[in-house]
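Peer 1: got a sequence here, can you build the structure:
(one chain, ligands or ions: 1)
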Amino acid sequence: MPQLSVVTGGAGFLGSHLCDRLVAMGHHVVALDDLSSGHMSHVQQLASHPRFELRGHDVVQSWPLGLDGATRVFNLACLASPASYQRQPVQTTLTSAVGMWRVLEAAQHSGARVLQASTSEVYGDPEVHPQAETYHGLVNPIGPRSCYDEGKRVAEAMCFAYHRERKAPVRLVRIFNSYGPRLRPGDGRVVSNFIVQALRGQPLTIYGDGQQTRSFCYVDDTVEGILRMMEADIEGPINIGNPVEHTVLKLAEYVLRLTGSRSRLERRPLPPDDPKKRCPDISRAKHHLQWEPRVSLEDGLRETIAYFRSELANERLAA
Ligand code: UDP
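Peer 2: Below you'll find the predicted structure:
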């Protein structure tokens, strides 16, 4: 019997890539997704596969029936783009907190191991750089990002509460700015915004002075880290991210060069509580998972740009 793995957010950007890998590894995969930011097209390649099933489901609601045989649950469901989660702060908080609770309760019944996709956002606007897992973060509990930051922090707390009190087998990864094909063109994150703007010949929108930094990790590397963590003998948390740090302005330069676009840069106000720096310390991932990213920003961006070129061409054909 193939192993049954459940992926919440399985039609999302990261979730769909994870489903691809799990099916290729021989798992039976059930993807749960309410399609709020995920999309059917992301799992279209798996739609007729006998070991894949997509079910419409919001993780805030009661856990679906028929998943008692699951041995692995990857909890990835959540809006992840600041622009979109700030439009739906209530649902975002509930998805992280109640969704985590539903997953942990269900997993108690089936005995499944749970991997929680946490985030670099738990470090908030960090005063420690780079961020190691021992850093407790600097988060504004009532700021516009708190629905996500604090929601994910509650989810982490709940994983460890279930682990301590009920011996639940949990795994925690903190994901840093993953990017790649299947980001949505209107998603609002910096990589998708810049690529779409460059390909359309529109100005690239630089928030603030563009000197804030992020560390972008290509999706294949992120998924590999997640898979290794699920099978590791450590609860975590473990940072999964690329330790090569870039300013937003540098990213804009890369995108302009790789797309050959002549778009100009346009300054916009910096959103409140936007972290000034973000870079993972990945010593733990190297040590416990023998994992580190392999894809350079340039190679990852080339793949992502090729994806967006074809998405935008399809949009034009459909229009
Ligand atoms: N950003 C930007 N222009 C955009 C979108 C984002 O300059 O069109 C900046 C944003 O202010 C932040 C960084 O890029 O400093 C990364 O933003 P993103 O929304 O991708 O995710 P975050 O890392 O903030 O969660």
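Peer 1: could you tell me the model confidence score at the residue in the stretch 1-150 of the chain that the ligand sits nearest to?
Peer 2: Closest approach between the stretch 1-150 of the chain and the ligand, counting by Cβ to the nearest ligand atom: P82, at 4.5 Å. C-betas here are computed from N, CA, C, even on glycine. pLDDT recorded at P82 is 94.
Peer 1: going forward, begin numbering at 20 instead of 1
Peer 2: Happy to do that; since the first residue is 20 now, the last one works out to P101.
Peer 1: what is the neighbour count of it?
Peer 2: 18 (other Cβ atoms under 10 Å).
Peer 1: please name the bridge partners of whichever residue of the stretch 220-338 of the chain sits closest to the ligand.
Peer 2: Distances between the stretch 220-338 of the chain and the ligand by Cβ to the nearest ligand atom are smallest at Y226, namely 3.5 Å. Bridge pairing for Y226 (DSSP bridges) gives the partners R287.
Peer 1: which helix or strand contains R190?
Peer 2: Assessed by DSSP states H and E, R190 sits inside strand 189-194.
Peer 1: so what are the sheet partners of that strand and their directions?
Peer 2: Using DSSP bridges, strand 189-194 pairs in its sheet with strand 132-138 (parallel), strand 257-259 (parallel).
Peer 1: gap between the longest one and the chain center?
Peer 2: Right, the one you point to is strand 132-138. Distance of strand 132-138 from its chain centroid, counting by Cα atoms, centre = their mean, to the nearest Å, is 11 Å.
Peer 1: picking up where we left off before, and the residue of the stretch 20-169 of the chain closest to the ligand, how far from V263?
Peer 2: According to Cβ to Cβ, to the nearest Å, P101 stands 22 Å off from V263.
Peer 1: what does L191 give?
Peer 2: For L191 relative to V263 (Cβ to Cβ), the value is 23 Å.
Peer 1: quick one: which of those two has more around it?
Peer 2: Neighbour tally, L191 and V263, criterion other Cβ under 10 Å: the higher count belongs to L191, 22 against 12.
Peer 1: how far does stretch 65-85 stretch from start to finish?
Peer 2: Distance across stretch 65-85, first residue to last, is 20 Å (Cα to Cα, to the nearest Å).
Peer 1: can you give me the neighbour number for K186?
Peer 2: So K186, with other Cβ under 10 Å, has 9 neighbours.
Peer 1: and G28, by the same measure?
Peer 2: G28 has 29 nearby residues by other Cβ under 10 Å.
Peer 1: quick check on it: phi, psi?
Peer 2: phi 70, psi 30 (degrees, to the nearest 10).
Peer 1: where do the strands of the chain begin and end?
Peer 2: 23-27, 47-52, 71-75, 91-94, 132-138, 189-194, 197-198, 223-226, 232-233, 236-237, 257-259, 265-266, 284-287 (DSSP state E).
Peer 1: OK, contacts around the spatially closest residue to Q309 that is not a sequence neighbour?
Peer 2: Spatial nearest neighbour of Q309, excluding adjacent residues (Cβ to Cβ, 6 or more residues apart in numbering): R247 at 7.4 Å. Residues near R247 by Cβ atoms under 8 Å, 6 or more residues apart in numbering: 308-310.
Peer 1: for N212, same thing?
Peer 2: Here N212 is in contact with 206, 223-224 (criterion: Cβ under 8 Å, 6+ apart).
Peer 1: nearest to A271 among those residues?
Peer 2: Proximity of the contacts of N212 to A271 (Cβ to Cβ) peaks at L223, which lies at 5.0 Å.
Peer 1: once you drop chain neighbours, what's closest to A136?
Peer 2: In this structure, A136 finds its nearest non-sequential neighbour in L95, 4.6 Å apart by Cβ to Cβ, 6+ apart.
Peer 1: do I have it right that the one you found meets G31?
Peer 2: Yes - between L95 and G31 there is a contact under Cβ atoms under 8 Å: 6.3 Å.
Peer 1: of those two, who's got more company?
Peer 2: The residue with more neighbours, out of L95 and G31, is G31; 30 against 27, by other Cβ under 10 Å.
Peer 1: give me the neighbour count for L218.
Peer 2: Applying other Cβ under 10 Å, we find 20 residues neighbouring L218.
Peer 1: oops, could you answer that again for Y226 instead?
Peer 2: 15.
Peer 1: could you list every residue that touches it?
Peer 2: By Cβ under 8 Å, 6+ apart, the contact set of Y226 is 267, 287-290, 293.
Peer 1: as TSV, the strands of the chain with distance to Y167 and mean pLDDT would be great.
Peer 2: Output for these, formatted as TSV (distance: least, Cβ to Cβ, whole Å; pLDDT from 0 to 100):
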stretch	distance to Y167	mean pLDDT
strand 23-27	16	98
strand 47-52	18	98
strand 71-75	23	98
strand 91-94	15	98
strand 132-138	7	98
strand 189-194	12	98
strand 197-198	15	98
strand 223-226	17	98
strand 232-233	15	98
strand 236-237	18	98
strand 257-259	17	98
strand 265-266	22	98
strand 284-287	21	98
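Peer 1: which residues sit against stretch 74-82?
Peer 2: Contacting residues not belonging to stretch 74-82 are listed as 27, 49-55, 83, 94, 96, 110, 113-114, 117-118, 121-122, 124-125 [Cβ under 8 Å, 6+ apart].
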